[in-house]
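A.B. asks: sequence plus predicted model, see below.
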Amino acid sequence: MHPSVYLVRHGESEWNVRRLTQGQTKHPRLTAIGREQAAGAADAIAADLARLGLPAPRLVTSDLVRAVETAQIVGERIGLVPELDARLREQHLGELEGRSYEDSWARAELHDWSDPELPLAGGESVGQVRRRLAAVLADLAPGTPTVLISHGDAIRSALAHLLGQSMTDTPWVEVQNGAVARYGSGEVGWLAQLGLEGR
């Protein structure tokens, strides 16, 4: 069991503002608001570590630019060097990447979500995302707090895995930009939901 795992969604990106589906698109960078959200996430984590009397955590991030930039800000404020792990990437959304949110949502309504192994739009299936996030969590040292910088769908998969929820009956969780969830002792608590609604 992991004593404390902090799951952080990257700050607002340029494509969040443009309402374009990102998935594993690598290049979108943080906006000024996104950088503020990353700093706020770092402060929330630092305060929680101090409150719980936990040692300095390990900091691991997705290798997509928006996550790396978030991790750099978090690392600077807490005094950590980020490690890259491509397994923390967002779900690969295939031909939806680069499309408007509205187009992507319309396509997603046609997807058979009852089959967790069915790839979405030529990208990854829910099951594939869940397994790679589970592999990241399995690799964590049980005695060391860890901060994971990732993405909305990936974080939902990680939380579902940690809570033992099925891939088909998992309740929807809105993970806003800059949000911080802490998992420990079998429970999830939100330290910060700092994002902008719908981003």
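C.D. replies: Alright, I've got the coordinates.
A.B. asks: where along the protein do the helices fall?
C.D. replies: 14-18, 32-52, 65-78, 101-108, 126-138, 152-162 (DSSP state H).
A.B. asks: so which of the ones you listed gets nearest Ser114?
C.D. replies: Closest to Ser114 of the helices of the chain is helix 126-138 (C-beta to C-beta; 10.4 Å). For glycine as for every other residue, the C-beta is placed from the backbone atoms N, C-alpha and C.
A.B. asks: check what pLDDT His92 gets.
C.D. replies: For His92, the pLDDT comes out at 98.
A.B. asks: now the helices of the chain in a markdown table, with mean pLDDT and distance to Ala86?
C.D. replies: Formatted as a markdown table, those follow (pLDDT from 0 to 100; distance: least, C-beta to C-beta, whole Å):
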| stretch | mean pLDDT | distance to Ala86 |
| --- | --- | --- |
| helix 14-18 | 98 | 19 |
| helix 32-52 | 96 | 20 |
| helix 65-78 | 98 | 10 |
| helix 101-108 | 96 | 22 |
| helix 126-138 | 97 | 9 |
| helix 152-162 | 96 | 11 |
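A.B. asks: would TSV of those with mean neighbour count be doable?
C.D. replies: Formatted as TSV, these follow (neighbours: other C-beta atoms under 10 Å):
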stretch	mean neighbour count
helix 14-18	17
helix 32-52	19
helix 65-78	22
helix 101-108	14
helix 126-138	19
helix 152-162	22
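A.B. asks: kindly reformat those as TSV containing distance to Arg89.
C.D. replies: As requested, the helices of the chain are exported to TSV (distance: least, C-beta to C-beta, whole Å):
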stretch	distance to Arg89
helix 14-18	15
helix 32-52	17
helix 65-78	8
helix 101-108	17
helix 126-138	8
helix 152-162	7
